[in-house]
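Undergrad: Predicted coordinates and the sequence they were generated for:
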Amino acid sequence: MRNLMQQPFRTAVLVLVWGWLLFLVLTPNLLVVGASLMTRDPATFISLPLTLDAYRQLLNPLYLDVFLNSLYMAAMTTLICLLVGYPFAWALSKVGKRHQVLLIFLLVVPFWTNSLVRTYALKLILATNGLLNNGLMALGWIDEPVQLLYTEFAVIIGLVYLLLPFMILPLYSVFEDLREDLLRASHDLGAGRLATFVHVIVPLTLPGVLAGVMLVLLPAMGLFFVPDILGGSRNLLVGNVIKNQFLDARNWPFGAAASIMLTLAMALLMFAHKLSKRRIGEDGV
Amino acid sequence: MKRLVLAGVLALGLSGCSSEEPQVLNLYNWSEYMPQEVLDRFTDETGIQVVYTTYDSNEAMYARLKLLDDSAAYDLAVPSTYYVSKMSNEGLLMAVDPSKIEGFDSVDPELVNLPVDPENKYSVPYLWGTTGIAVDTADVEGDVTAWADLWDERFQGRLMMTNDMREVFHVALRVLGYSGNSTNPEEIEAAYNKLTELMLSVRTFNSDAPRMPYLEGETDVGMIWNGEAVMGREALPALEYVYPEEGTIVWLDSFVIPKNAKNPDAAHQFISFVLRPEIAALISEDIGYATPVVPARELLDEEVANDRASYPTPEDMVNAEFQTDIGDEALQVYAKYWEMLKSGQ
């Protein structure tokens, strides 16, 4: 305690961080947990008594289907992000420092525009009368417009586009830490390129991969406006169910229970992430 | 550092003269439902700044107002038909002061004293319209005259529906010969079964700007709001608005003042401004919905006044039905089937 008093700056930062976490992370989440345990009430949204009804409703096979469908879409998104992001991050860590700054800057620039606006922009590109179809037809590559908008494909494109930077940035940071001497040691000990990749590079970058997967997979299940705008509202993600329950059905306890399920899935992934880190630690790197 | 201090002083100075700040009216309205020109002219005349915020469903507006009840974020909102009664019953609204409203007597007598607000204590009609069928006649051969035609196999993958649970079920209920306001679970289930056949044809649901899928070339036929059809025709002249035989869905959007509004005087002023015949006519011409202000209809451009899409004939309105509050129990039934429909079960 005395230590804290002697370091006013450190104390201030700690208070700020803990205050932030307490009021803007813990409290809202506790409110959601609370809401999920209440009874639904048409006039006041939620009321006592406490009940587990909302969670019982989650057992409805309909929502299992929605969950599996979301998981599938999110997994496809994550996989594509990983396939594109991994080599991208690797290349990024290899270019000169000056270019690196520029490239990272370009990666972050889209965040200055609201993601909803960018999703609408994608719509203009993918539409039947859109830029992509018109361009391909002008080049003579296709004779008539291809149906891209309002398909599962469009939803995945949209999700990949919005979430790719979240995959690249953690991967970039692990590639930055990847020590050149370890790779050289691997070569000196007779490992080929493939063996080095599989046995040295992949394990060393695994924490970055998992961090990226975490940052992409869960948001992908919750970004309800992407299937609404690019998928024609025909694909329900967990995020859409939550939104429907809160707005249209006015069933707050159920909407809250569904969002807690997402949070739990997130916690599970973080746990896996931690395990993988520990294992690498034990391997003595 | 000096600059920082300067900025602080400036900020203090600015907040110090808040009493002379221009008045503000916080208007909460449907998207694309008020020409900018009207807002500008209102500001020019009264000096009141209009902060315009939009929503795309009654549900979103309702939840916002109910949750922000105490924060008085809005001075004026525009709920549809039965949401007026729902909100006034729940005590969310402030009574409109008739002495502060000019021009209320020029509102179409058929659109006042409706069951949703028997004496217009809480609401003043803004615009009314219908939900009917849009047909892109450039791509569709043959006639489309009824909701039932949407089930035609030739429209597979070319159909657009509004992203509105009540409206979509309304269509199926009417096709089956029931009321669009049915609260009977068996009828709702039958409508759901009917709609599952339609899902194969549906390309997209859209309540954001229902004309867009037609303009984008994504869909050829389906549901649309009449004003959207009128606006869409400017870019796509082949877009036709059809009054389905089973009856259109009619709605009336009304101005209401939330209970905790900060500036009810400005709200009253704005309502009076919009009820002026020349302003009402301007709005109707610009966004294609019908104005309830009777003298405004004489000022309308001939083309608009005779446009059946905006101003239907009595025959068009045969079987037309207003949406009513179906109560919470039925709402849960609808919501369940809506999710089943969307998740493809």
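TA: Nice, I can see it. Numbering: from 1, shown residues only, chains lettered A, B, ... in the order given.

Undergrad: Enumerate the residues of the stretch 151-285 of chain A near chain B.
TA: Within the stretch 151-285 of chain A, the residues that sit near chain B (C-beta under 8 Å from any C-beta of the partner chain) are A:228-229, A:232-234, A:236, A:240-241, A:244-251. Placement of C-beta: from N, CA and C, glycine included.

Undergrad: Closest residue of chain A to chain B?
TA: Taking C-beta to the nearest C-beta as the measure, chain A has A:G232 as its residue closest to chain B, at 2.9 Å.

Undergrad: Could you list the low-pLDDT ranges of the chain?
TA: Let's take chain A. Chain A contains residues with pLDDT under 70 at A:1-6, A:277, A:279-285.

Undergrad: wrong chain, I was asking about chain B
TA: Scanning chain B for pLDDT under 70 picks out B:1-21, B:69, B:345.

Undergrad: Past the longest strand anywhere in it, which element shows up next along the chain?
TA: In chain B, assigned by DSSP state E, the strand with the most residues is strand B:124-136. Using DSSP states H and E, the helix or strand that directly follows strand B:124-136 along the chain is strand B:159-161.

Undergrad: Name every strand pairing with that following strand and say which way it goes.
TA: The strands that strand B:159-161 pairs with in its sheet are strand B:202-205 (parallel), strand B:221-225 (parallel) (by DSSP bridges).

Undergrad: Could you give the bridge partners of the closest residue to chain A within chain B?
TA: Proximity of chain B to chain A (C-beta to the nearest C-beta) peaks at B:T204, 2.9 Å away. Taking DSSP bridges as the rule, B:T204 bridges to B:M160.

Undergrad: count of neighbours near it?
TA: 24 (other C-beta atoms under 10 Å in any protein chain shown).

Undergrad: List the contacts of it.
TA: By C-beta atoms under 8 Å, 6 or more residues apart in numbering or on different chains, the residues touching B:T204 are A:Y150, A:G232, A:S233, A:R234, B:M160, B:M161, B:P213, B:E218, B:T219.

Undergrad: my guess is B:A72 meets B:P258, correct?
TA: Yes - B:A72 lies in contact with B:P258 (C-beta atoms under 8 Å); the separation is 7.3 Å.

Undergrad: With neighbour numbers in mind, choose between these two.
TA: Set B:A72 next to B:P258 and count neighbours by other C-beta under 10 Å: B:P258 wins out with 25 against 14.

Undergrad: so who does that one touch?
TA: By C-beta under 8 Å, 6+ apart, the contact list for B:P258 reads B:L65, B:D69, B:A72, B:Y74, B:D75, B:L76, B:A77, B:L92, B:L93, B:M94.

Undergrad: Now intersect the residues you listed with the helices, please.
TA: Using DSSP state H, B:L65 are the members of the contacts of B:P258 that sit in helices.

Undergrad: possible to save the contacts of B:P258 as CSV with distance to B:E240?
TA: Formatted as CSV, the contacts of B:P258 follow (distance: C-beta to C-beta, whole Å):
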residue, distance to B:E240
B:L65, 36
B:D69, 43
B:A72, 44
B:Y74, 37
B:D75, 39
B:L76, 34
B:A77, 33
B:L92, 39
B:L93, 38
B:M94, 42
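
Undergrad: Select only the buried ones of the contacts of B:P258 in ChimeraX?
TA: In ChimeraX syntax, the buried subset of those is picked out as below (16 or more other C-beta atoms under 10 Å in any protein chain shown):
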select /B:65,74,75,76,77,92,93,94
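
Undergrad: Just give the closest residue to A:V160, not the sequence neighbours.
TA: When the adjacent residues along the chain are set aside, A:V160 lies closest to A:I80, with 5.0 Å between them (C-beta to C-beta, 6 or more residues apart in numbering or on different chains).

Undergrad: count of residues packed around the one you found?
TA: Neighbour tally, A:I80, other C-beta under 10 Å: 18.

Undergrad: One more: A:T78?
TA: Around A:T78 there are 23 other residues, counting by other C-beta under 10 Å.

Undergrad: Would you check how far apart it and A:S47 are?
TA: Per C-beta to C-beta, to the nearest Å, A:T78 is found 39 Å from A:S47.

Undergrad: For B:Y241, the count of nearby residues, please.
TA: Counted with other C-beta under 10 Å, residues neighbouring B:Y241 total 26.

Undergrad: just checking, next helix/strand downstream of the helix or strand where it lies?
TA: Per DSSP H and E, B:Y241 falls inside strand B:239-242. The first helix or strand that comes after strand B:239-242 along the chain, using DSSP H and E, is strand B:249-255.

Undergrad: Would you mind listing what in chain B touches chain A?
TA: Counting by C-beta under 8 Å from any C-beta, the residues of chain B close to chain A are B:57, B:59-60, B:63, B:66, B:90, B:157, B:163, B:165, B:199, B:202-206, B:208, B:213, B:215-218, B:328, B:331-332, B:335, B:338-340, B:342-343, B:345.

Undergrad: switch the cut-off to 7 Å
TA: Selection of chain B residues close to chain A by C-beta under 7 Å from any C-beta of the partner chain yields B:59-60, B:63, B:90, B:163, B:165, B:202-205, B:216-218, B:328, B:331-332, B:335, B:339-340, B:342-343, B:345.

Undergrad: and the residues you listed, which of them are in helices?
TA: Cross-referencing the residues of chain B next to chain A against helices under DSSP H gives B:E59, B:A60, B:A63, B:M165, B:D328, B:L331, B:Q332, B:A335, B:E339, B:M340, B:K342.

Undergrad: Centre-most residue in chain A?
TA: Central residue of chain A (C-alpha atoms, centre = their mean): A:V216, 2.2 Å from the mean position.

Undergrad: Validate this expectation: that residue resides in a strand.
TA: No - A:V216 sits outside any strand when classified using DSSP: H, G, I helix; E, B strand; the rest coil, being helix.

Undergrad: pretty sure it is touching A:P165, no?
TA: No - between A:V216 and A:P165 there is no contact under C-beta atoms under 7 Å: 9.7 Å.

Undergrad: Would you mind putting the contacts of B:T204 into JSON lines with neighbour count alongside?
TA: Formatted as JSON lines, those follow (neighbours: other C-beta atoms under 10 Å in any protein chain shown):
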{"residue": "A:Y150", "neighbour count": "31"}
{"residue": "A:G232", "neighbour count": "24"}
{"residue": "A:S233", "neighbour count": "21"}
{"residue": "A:R234", "neighbour count": "21"}
{"residue": "B:M160", "neighbour count": "29"}
{"residue": "B:M161", "neighbour count": "28"}
{"residue": "B:P213", "neighbour count": "30"}
{"residue": "B:E218", "neighbour count": "26"}
{"residue": "B:T219", "neighbour count": "30"}
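
Undergrad: which of those lies closest to A:V66?
TA: Of all those, A:R234 has the smallest distance to A:V66: 12.7 Å, by C-beta to C-beta.

Undergrad: what's the next secondary structure element after whatever helix or strand A:A121 lives in?
TA: Element membership for A:A121 (DSSP H and E) is helix A:115-126. Following helix A:115-126 in sequence order, the next helix or strand is helix A:131-138 (DSSP H and E).

Undergrad: Against which helices or strands is that next one packed?
TA: Under the contact definition 3 or more C-beta pairs under 7 Å, 6 or more residues apart in numbering or on different chains; DSSP states H and E, helix A:131-138 sits against helix A:115-126.

Undergrad: list the contacts for B:N120?
TA: Going by C-beta atoms under 7 Å, 6 or more residues apart in numbering or on different chains, B:N120 touches B:V112, B:N113.

Undergrad: I meant A:S186, not that one.
TA: A:S186 sits next to A:T196, A:V200 when contact means C-beta under 7 Å, 6+ apart.

Undergrad: Stretch B:242-260: which residues count as buried?
TA: B:242-244, B:246-260.

Undergrad: count of residues packed around A:G34?
TA: Counted by other C-beta under 10 Å, the residues lying close to A:G34 total 13.

Undergrad: Can you classify it as helix, strand or coil?
TA: Following three-state DSSP, A:G34 is assigned to helix.

Undergrad: so how far is A:A256 from it?
TA: A:G34 is 8 Å from A:A256, where distance means C-beta to C-beta.
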